[in-house]
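S.K.: Sequence plus the predicted model coming up.
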Amino acid sequence: QVQLVESGGGLVQAGGSLRLSCAASGRTFSSFPMGWFRQAPGKEREFVAAINWSGGSTYYADSVKGRFTISRDNAKNTVYLQMNSLKPEDTAVYYCAASRVVVPTTPKRPDYWGQGTQVTVSS
């Protein structure tokens, strides 16, 4: 079993930055592909970014490419999402997710989810 706990959300002005962290429990974290998703009010959960088990491959939604960076530290069982040049449309609850095998690039793929952290970007 894997438990995921996100942190780092908050309120920021447009153009600002935030770094989200996701701490994972379990000895097998380093073998799991990881991802970040977000869900805005009244909208479906959507893919944001993902990373393979080693950190050697990363994937991004077009809407965040060039602004967000996903990374991981397997020694610390933690995955990060650095968010720069934030826009009001980035406002959402951000969820960390883990998959046993396949890199989670759609909401159907993860096997484990965190509880989410709110990110609010004011204009």
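M.R.: Thanks, I have the structure now.

S.K.: tell me which element the residue nearest the centre of the chain is part of?
M.R.: Centroid check for the chain by Cα atoms, centre = their mean gives Trp36 as the closest residue, at 2.3 Å. Assigned by DSSP states H and E, Trp36 falls within strand 34-39.

S.K.: follow-up on the earlier one: look up the closest residue to the residue nearest to the centre of the chain, ignoring the ones flanking it.
M.R.: Val48 (4.3 Å; Cβ to Cβ, 6 or more residues apart in numbering). For every residue, glycine as well, the C-beta is placed using N, CA and C.

S.K.: so where does that neighbour fall, helix or strand?
M.R.: If you go by DSSP H and E, Val48 is part of strand 46-51.

S.K.: And that strand, how far out from the chain middle?
M.R.: Centre-to-centre, strand 46-51 and its host chain are 6 Å apart (Cα atoms, centre = their mean, to the nearest Å).

S.K.: Check which element follows it along the chain.
M.R.: strand 58-60.

S.K.: Run through the neighbouring helices and strands of that next one.
M.R.: strand 46-51, strand 68-73 (3 or more Cβ pairs under 8 Å, 6 or more residues apart in numbering; DSSP states H and E).

S.K.: between those, which one is nearest to Ser7?
M.R.: Ser7 lies closest, by Cβ to Cβ, to one member of these: strand 68-73, at 14.4 Å.

S.K.: List the buried residues for the closest one?
M.R.: If you call a residue buried by 16 or more other Cβ atoms under 10 Å, then strand 68-73 has these buried ones: 68-70, 72.

S.K.: contacting residues for Cys22?
M.R.: 4-7, 34, 36, 78-81, 96, 114 (Cβ atoms under 8 Å, 6 or more residues apart in numbering).

S.K.: Mark which of those residues are part of strands, please.
M.R.: Using DSSP state E, 4-7, 34, 36, 78-81, 96 are the members of the contacts of Cys22 that sit in strands.

S.K.: In those residues, find the pair that's most separated.
M.R.: Farthest apart among the ones in strands among the contacts of Cys22 - using Cβ to Cβ - are Ser7 and Met34, which lie 15.1 Å from each other.
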